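1. Have a look at this prediction, sequence included:
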Amino acid sequence: MRVTRSIIIDESELTERFILASGPGGQNVNKVATAVELRFDVANSRSLPAAVRERLIALAGKRLSSAGILVIAAQRFRSQPRNREDARERLAALIREAATPPKLRRATRPSKAAKRRRVDDKRQLGARKRERSGSGWD
């Protein structure tokens with residue numbers, strides 16, 4: 001399964017299990033296992049670079065088991081092939097997101113003019129409050 005130009009997941013690393021889906025489907029929902037549970041062993045994958053693996057583990061959240069297996073359940077559609085495709089696309093999207101390195105934040109300081117504006121605004125607000133208080137209603 002091709003995810004990006006450089007990342008290709010080997011089919012042998014993916015495990016699919018078909019289960020009964022909840023929701024719409026009429027009689028079909030009680031008889032046919034249309035939902036798909038896609039499993040991908042992130043911790044032991046040979047297809048992922050180390051940096052992508054670490055970001056994927058952080059992104060996966062509760063979808064990642066304690067053994068390092070990513071579980072994606074798909075039951076959006078009524079047919080098994082469409083749910084299977086949906087699960088694979090969601091896995092690919094998650095890996096693509098992990099493949100893009102986070103943008104590094106460069107520390108910046110407020111300019112002199114910005115500091116001056118902030119202090120002036122504070123001074124004006126204080127003056128406005130002072131004007132409001134005072135003699136009041138007699």
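-> Received it, and whenever you're ready, just let me know what you need. Numbers count the residues shown, from 1 in each chain.
2. Poorly predicted segments of the protein, please.
-> Along the chain, segments meeting pLDDT under 70 span 24-26, 135-138.
3. Any figure for the gap between the most centrally placed residue in the chain and residue 88?
-> Geometric centre of the chain, nearest residue: residue 59, 5.7 Å, by CA atoms, centre = their mean. Per CB to CB, to the nearest Å, residue 59 is found 17 Å from residue 88. Bear in mind the C-beta positions are built from the backbone N, C-alpha and C, glycine included.
4. cool, and residue 108?
-> Noted for residue 108: a distance of 42 Å to residue 88, by CB to CB.
5. More neighbours: the two, which one.
-> Per other CB atoms under 10 Å, whichever of residue 108 and residue 88 has more neighbours is residue 88, with 20 against 6.
6. Just the endpoints, please. Distance across stretch 20-33?
-> Counting by CA to CA, to the nearest Å, you get 4 Å between the two ends of stretch 20-33.
7. Run through who's touching that stretch.
-> Contacts to stretch 20-33, defined as CB atoms under 8 Å, 6 or more residues apart in numbering, come from residues 18, 19, 34, 35, 75, 78, 80, 83.
8. Any of those buried? List them.
-> For these, a neighbour count by 16 or more other CB atoms under 10 Å gives the buried set as 34, 35, 75, 78, 80, 83.
9. Residue 74 is in contact with the first one, correct?
-> This points to residue 34. No. Taking contacts as CB atoms under 8 Å, residue 34 lies outside contact range of residue 74: 9.5 Å.
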